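Asks: sequence isn't available, so here's the structure alone:
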Ligand SMILES: O=C(O)CCC(=O)C(=O)O
Ligand SMILES: [Fe+2]
């Protein structure tokens, strides 16, 4: 997929015939996934095992969700600051609105969310979002397996207990002819992220200050994004990508993101196979939740998002990007 005159953003199709571990097709995919995550920190995965129907249904339901009265939206709270429902404000953007289910591959969690928004519940919403979240979680697992296989590691080198937090977002079209921020630039703090969208708007920083828009994503595309913890886990091989949403045109944009949030007490550390004389250990091992809370704390507000991992866990203050 060409998104810029010079830069070719990687699109990788996961054909069912290549998903058998150990086959040539599988090994080829593993290599491409690893290269994309090391070079760009993200890629477009075309994955037809998640049907376009379930995505379309989810976007339709999201359009219903944004219409519920504000008093109900405000019930979507979270123990984490800046999580839960976030309405249009300077905090993210006046164009932005986001809802969150912290454990969306768990049916009861989605059902409780739906009951807050629609007092009589909304089984079709619960079924659809739960199914999509579960399938995105499976896709994420597949990508993790490709990463461990490509580094010649055991599967359990990247295994942890986690929840799949799903964020459902709406971005208003900007005033006519304008090009406006929908989501500020940042690197993701969850371990990894998968995003699907109904309209382009996502942009990534490829070189210092050079942004490219991800256009022409297919109806079966999901954007996989390397989060900061994967950089620490891989001893700086994998690259968290700085990304943002910019809005233009006259259509609203809807997106659904699935984030990997490890359970309390999960330690992020590089497997010993990824540390040697040529690759000395660059990050101290750390508790994911401590890092996550640090990243949304007041002192962290003065540090660039892409520098937070270094500020928090770098072994040496001299190590930079
Ligand atoms: O809406 C999107 O496509 C991206 C949102 C995002 O980057 C995030 O929630 O971390
Ligand atoms: Fe993000």
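Replies: On my side now, so go ahead. Because the structure is a prediction, the values reported are computed rather than measured. Ligands and ions are numbered 1, 2, ... in the order given.
Asks: which parts of the protein sit against ligand 1?
Replies: 167, 169, 183, 188, 195, 197, 202, 243, 245, 255, 257 (CB under 6 Å from any ligand atom). For glycine as for every other residue, the C-beta is placed from the backbone atoms N, C-alpha and C.
Asks: and with 8 Å instead?
Replies: Contact residues, the chain versus ligand 1 (CB under 8 Å from any ligand atom): 98, 167, 169, 171, 182-183, 186, 188, 193, 195, 197, 201-202, 223, 225, 243-245, 253, 255, 257, 259.
Asks: need the contact list for the closest residue to ligand 1 within the stretch 201-321 of the chain.
Replies: The nearest approach of the stretch 201-321 of the chain to ligand 1 comes at residue 255, 3.6 Å away (CB to the nearest ligand atom). When contacts are counted by CB atoms under 8 Å, 6 or more residues apart in numbering, residue 255 touches 168, 169, 171, 195, 196, 197, 198, 201, 202, 245.
Asks: please repeat the previous calculation with a cut-off of 10 Å.
Replies: If a contact means CB atoms under 10 Å, 6 or more residues apart in numbering, then residue 255 has 59, 62, 98, 167-171, 182-183, 195-199, 201-202, 223, 245 as its contacts.
Asks: got it, and residue 45?
Replies: 10-14, 29, 33, 36, 139-140, 142-143, 194, 220-224.
Asks: same question for residue 39.
Replies: 10, 206, 238, 239, 241.
Asks: try it again with 8 Å
Replies: 10, 239.
Asks: quick one: it from residue 32, how far?
Replies: 11 Å (CB to CB, to the nearest Å).
Asks: which residues are in contact with each of the two?
Replies: Shared contacts of residue 39 and residue 32, counting by CB under 8 Å, 6+ apart, come down to residue 10.
Asks: which stretches of the protein form helices?
Replies: Taking DSSP state H, the helices of the chain run over residues 24-39, 52-65, 70-73, 107-117, 123-150, 228-233, 288-295, 308-313.
Asks: by how many degrees do the first one and helix 123-150 diverge?
Replies: Think helix 24-39. Here helix 24-39 runs at an angle of 90 degrees relative to helix 123-150 (axes from the mean of the first three to the mean of the last three CA atoms, to 10 degrees).
Asks: I'd like the numbering to begin with 46 instead of 1 from here.
Replies: Happy to do that; since the first residue is 46 now, the last one works out to helix 69-84.
Asks: and helix 69-84, average pLDDT?
Replies: Throughout helix 69-84, pLDDT has a mean value of 98.
Asks: how far does that helix sit from the chain's center?
Replies: Taking the mean of its C-alpha atoms, helix 69-84 sits 19 Å from the chain's own mean (CA atoms, centre = their mean, to the nearest Å).
Asks: buried set for it?
Replies: 71, 74, 75, 77, 78, 79, 81, 82, 83 (16 or more other CB atoms under 10 Å).
Asks: can you tell me the closest non-neighbouring residue to the fifth one?
Replies: When the adjacent residues along the chain are set aside, residue 78 lies closest to residue 191, with 4.5 Å between them (CB to CB, 6 or more residues apart in numbering).
Asks: now do that neighbour against residue 279, distance only.
Replies: Residue 191 sits 13 Å away from residue 279, taking CB to CB as the criterion.
Asks: was I right about residue 238 contacting residue 305?
Replies: Yes - proximity of residue 238 to residue 305 meets the contact threshold set by CB atoms under 8 Å, at 7.5 Å.
Asks: which residue ranges of the stretch 146-295 of the chain form strands?
Replies: Secondary structure of the stretch 146-295 of the chain by DSSP state E, counting those that start in this stretch: the strands cover 207-216, 225-231, 237-242, 247-252, 255-258, 266-271, 288-292.
Asks: tell me what the shortest one is packed against?
Replies: Judged by 3 or more CB pairs under 8 Å, 6 or more residues apart in numbering; DSSP states H and E, the packing partners of strand 255-258 are strand 247-252, strand 288-292.
Asks: could you identify which of those is most buried?
Replies: strand 288-292 (a mean of 22; mean count of other CB atoms under 10 Å).
Asks: for the residue lying closest to the residue of the stretch 246-366 of the chain closest to ligand 1 once chain neighbours are set aside, list the residues it contacts.
Replies: In space, and not counting its chain neighbours, residue 300 is closest to residue 242: 4.1 Å by CB to CB, 6+ apart. By CB under 8 Å, 6+ apart, the contact set of residue 242 is 262, 268, 298, 299, 300, 301.
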